[in-house]
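1. Here is a sequence together with a model predicted from it:
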Amino acid sequence: MGKEPRDYQSEAALELFKAVNRCDGTHPIAAIPTGAGKTVVMCEFIEMCLEDDFSRKILVLSHVKDVSCWIIFCRT
């Protein structure tokens, strides 16, 4: 089972999801401080995207292999 997000992490993921789905021509970002759980927020965001449209394509790039592997298994 994956790690359950904290309230502020779920809120950040939801706000990012809403911003991305506004389709207003902007390119939103999430500025999250060190130690606040960026990977957890990203997992929540990806889960929301896939629940909304499972055919949606998502590309995750990371310079750290461990982060990419963790994202793949964060909800399994």
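-> Arrived safely.

2. and residue 27, which of the three is it?
-> Three-state call for residue 27 (DSSP: H, G, I helix; E, B strand; the rest coil): coil.

3. swap in residue 63?
-> Counting by three-state DSSP, the backbone at residue 63 sits in coil.

4. Count the neighbours of it for me.
-> Residue 63 has 6 neighbours, counted by other C-beta atoms under 10 Å. The way it works is simple: take the backbone N, C-alpha and C, and place the C-beta from them, glycine included.

5. This structure: helices as residue ranges?
-> Under the criterion DSSP state H, the chain contains helices at 7-21, 38-52, 65-73.

6. so how far is the second one from its chain's centroid?
-> So the one you mean is helix 38-52. 4 Å (C-alpha atoms, centre = their mean, to the nearest Å).

7. now the protein, which segments are flagged as low pLDDT?
-> 1-3, 65-76 (pLDDT under 70).

8. If we use 80, what do you get?
-> Scanning the chain for pLDDT under 80 picks out the ranges 1-3, 59-76.

9. Which stretch among the helices of the chain approaches residue 29 most closely?
-> Distance to residue 29, taken as C-beta to C-beta, is lowest for helix 7-21 among these, at 8.3 Å.

10. Going by neighbour count, list what's buried in that closest one.
-> Buried residues in helix 7-21, defined by neighbour count with 16 or more other C-beta atoms under 10 Å: 9, 10, 12, 13, 16, 17.

11. could these go into JSON lines alongside distance to residue 55?
-> JSON lines is the format used below for the buried residues of helix 7-21 (distance: C-beta to C-beta, whole Å):
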{"residue": "9", "distance to residue 55": "26"}
{"residue": "10", "distance to residue 55": "24"}
{"residue": "12", "distance to residue 55": "25"}
{"residue": "13", "distance to residue 55": "20"}
{"residue": "16", "distance to residue 55": "20"}
{"residue": "17", "distance to residue 55": "17"}
